[in-house]
Structure formats: structure tokens, C-alpha cells
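Q: here's a sequence, model it:
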Amino acid sequence: MQKLAKREEQIMQSLWKLEKAFIKEIIEELSDPKPHYNTTATIVKILEEKGFISHTAYGNSFQYYPLVSKDEYQKEVLGEVVNNYFDNSPLALVKFFAKEEKINTDELEEIIQLIKNKK
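A: Okay, the predicted model is just below:
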């Protein structure tokens, strides 16, 4: 799976939230400064060519929807981050967050419970 560029990822975030949308609706979901309609349409076309989205035609209008789920993309991107920056060690990732105080003991306990409940 290809990694998305910043604007592509923003558009995908909008589509994951909306589930299906016309370009105008996608633009409304994007943060300011909002891109021009044609710019958004071009990026949407690129996302479609990459296999991330598809569309349903309604006359001359197209309603777009994701083909790749947010969970699938998160798994791919996070896996790449863990592999490239944490020597393929999820523990190293958790240690990093603990050291940087981005995770607290309650959250760590919740992670432990999730792991225990999976066994």
C-alpha cells in the first residue's frame, strides 16, 4: 500500500468520516485554507488511480467512497513507523510514548487489559 501525501491523507480522513461524498462535501470537511475545487478534484482522481477510493456516477456528478478502510491504512502506516523507527518493536514504541509522557499509567493498564483479554 502506498503512503499518502498530506493533502491526500486529509481528503481520505474526510471520506472516512463522511463514508461517501461529492467533491464539494469533501472540501467542506477540510481545514482552512480550503483547497480550490479543481485541486481537490485532481487529488481525488489520484486517490482513485492509487486504488484508495472509487465513485458512483449520478449523471455528470460523482460520489466518492473509500475502498481502503481507515483501520487498514492505520495498520499499514503504524507498522511502517514501528519497523522504520522502533526496530520493529511495539515495546520500543510504547517505551517512547512513556518516556515522552504521551501515555499515562491508566492508559498502560488499559493496554495490558486489552492484551490479557485477547489470550
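Q: nearest residue to the middle of the chain?
A: Against the mean C-alpha coordinate of the chain, by C-alpha atoms, centre = their mean, the closest residue is residue 70 at 5.0 Å.
Q: kindly list the main-chain dihedrals of that one?
A: Dihedral angles phi and psi of residue 70 (degrees, to the nearest 10) take the values phi -60, psi -40.
Q: now do the strands in this protein.
A: Counting by DSSP state E, the chain has these strands, from start to end: 53-58, 61-66.
Q: hmm, residue 37 is touching residue 25, no?
A: No - in this structure, residue 37 is not within contact of residue 25 by C-beta atoms under 8 Å, at 11.7 Å. All C-beta spots, glycine's among them, are computed from the backbone N, C-alpha and C.
Q: if we can go back for a sec, what sits against the residue nearest to the centre of the chain?
A: By C-beta atoms under 8 Å, 6 or more residues apart in numbering, residue 70 lies in contact with 12-13, 16.
Q: nearest to residue 46, of the strands of the chain?
A: strand 53-58 (9.7 Å; C-beta to C-beta).
Q: now find how far off-centre that closest one is within its chain.
A: Using C-alpha atoms, centre = their mean, to the nearest Å, the mean C-alpha position of strand 53-58 is found 20 Å from that of the whole chain.
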